[in-house]
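A.B. asks: Here is my input; please provide its structure:
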Amino acid sequence: MTRLFTVLLTSLGSKVVVALTGLGLAGFVVFHMLGNLQVFEGSESLNTYAAFLRELPILLWSARVGLLLIAVLHVGLTIRLAIHNRRARPVPYAVREYRKASMASRTMALTGGLLLIFIIFHLLHFTAGVVDASFSDRLDPRGHRDVYGKVIHAFQNPWFVVLYLAAQGLLGLHLSHGLSSSLQTLGLEHPLLNRLFRAAGPLVAGIVVLGNAAIILAIALGVLRA
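C.D. replies: The predicted model follows:
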């Protein structure tokens, strides 16, 4: 166990863990988006889905604890690697050239930090009901928590619409480079598949952003109503 921990703290080991946790978080983001798309099926569908998750507390809390652990490892080791790299080159480059680096790759630290702040806000908003408690205890006719009504109410507020759409832009940038980079870090490269791996990040990021943005805009434009 000690040897494994020592390996994980090496630069290579940390990069592998960051890649694996990044893929795990990306998988959750996709699953979360697919679940939220049930808002287009109406209140009964979304509220029943949310109630189903709450009726399995062991599974729900195991997932929450697991996600928290994955997120802590991902953020913590990413910061550790950044500090290690900065110490390895205390004198910055005189001239920076970004011929091959995309904007997504150059802004990973910035988008990651901003996403962390947004995630905390999002949990306080929809999960804890701290930001807006008006729908926290409201029930639908079936006795389920009115998650659908809460989502509709939230995105009828233009400030929330702007904030959440901006967050989707950050998520798209971070996920676009992060997913492809994780596949490369894990050694999933082959001359015949390199193009596929490079396209995986932008493709998944685009699907997630479009799915989430569709929900926000459909409500903001009045397509979906309570």
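A.B. asks: From now on I want contacts and neighbour counts done on CA atoms only, so please keep to that.
C.D. replies: Fine.
A.B. asks: Can you verify my assumption that Val17 contacts His74?
C.D. replies: Yes: with contact defined as CA atoms under 8 Å, Val17 reaches His74; the gap is 7.3 Å.
A.B. asks: What helix or strand is the residue nearest to the spatial centre of the chain located in?
C.D. replies: Centroid-nearest residue in the chain: Val29, 4.8 Å away (criterion: CA atoms, centre = their mean). Applying DSSP states H and E as the criterion places Val29 in helix 11-36.
A.B. asks: buried set for that helix?
C.D. replies: Using 16 or more other CA atoms under 10 Å as the test for burial, helix 11-36 gives 13-26, 29-30, 33, 36.
A.B. asks: Relative to Gly27, how far out is the closest residue to the residue nearest to the centre of the chain other than its chain neighbours?
C.D. replies: In this structure, Val29 finds its nearest non-sequential neighbour in Val208, 7.5 Å apart by CA to CA, 6 or more residues apart in numbering. Separation of Val208 from Gly27 (CA to CA, to the nearest Å) stands at 10 Å.
A.B. asks: Then Ser181?
C.D. replies: Using CA to CA, Ser181 is found at 15 Å from Gly27.
A.B. asks: Repeat that for Ala63.
C.D. replies: Distance, Ala63 to Gly27, using CA to CA: 13 Å.
A.B. asks: tell me which residues of the biggest helix by length in the chain are tucked away?
C.D. replies: The single longest helix within the chain, with elements called by DSSP state H, is helix 57-88. Across helix 57-88, burial judged by 16+ other CA under 10 Å covers 67, 70-71, 73-75, 77-78, 81.
A.B. asks: Who are the packing partners of that helix?
C.D. replies: helix 11-36 (3 or more CA pairs under 8 Å, 6 or more residues apart in numbering; DSSP states H and E).
A.B. asks: Off-centre distance for the helix it packs on?
C.D. replies: Put simply, helix 11-36 sits 8 Å off its chain's centre (CA atoms, centre = their mean, to the nearest Å).
A.B. asks: following it, which helix or strand comes up?
C.D. replies: Next helix or strand after helix 11-36 toward the C-terminus (DSSP H and E): helix 43-54.
A.B. asks: Residues contacting that following helix, please?
C.D. replies: Helix 43-54 is contacted from outside by 35-36, 38-39, 60, 140, 144-149, 226, using CA atoms under 8 Å, 6 or more residues apart in numbering.
A.B. asks: Weed out the non-buried ones from those.
C.D. replies: Buried by 16+ other CA under 10 Å: 36, 38-39, 144-149, out of the contacts of helix 43-54.
A.B. asks: Turn those into CSV, columns for distance to Ala200 and pLDDT.
C.D. replies: Converted to CSV, those look like this (distance: CA to CA, whole Å; pLDDT from 0 to 100):
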residue, distance to Ala200, pLDDT
Asn36, 22, 96
Gln38, 25, 97
Val39, 27, 97
His144, 38, 89
Arg145, 36, 91
Asp146, 35, 94
Val147, 32, 94
Tyr148, 31, 96
Gly149, 34, 94
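A.B. asks: I'd like those laid out as CSV, including distance to Leu110.
C.D. replies: Shown next, in CSV, are the buried ones among the contacts of helix 43-54 (distance: CA to CA, whole Å):
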residue, distance to Leu110
Asn36, 26
Gln38, 31
Val39, 31
His144, 39
Arg145, 36
Asp146, 35
Val147, 31
Tyr148, 32
Gly149, 33
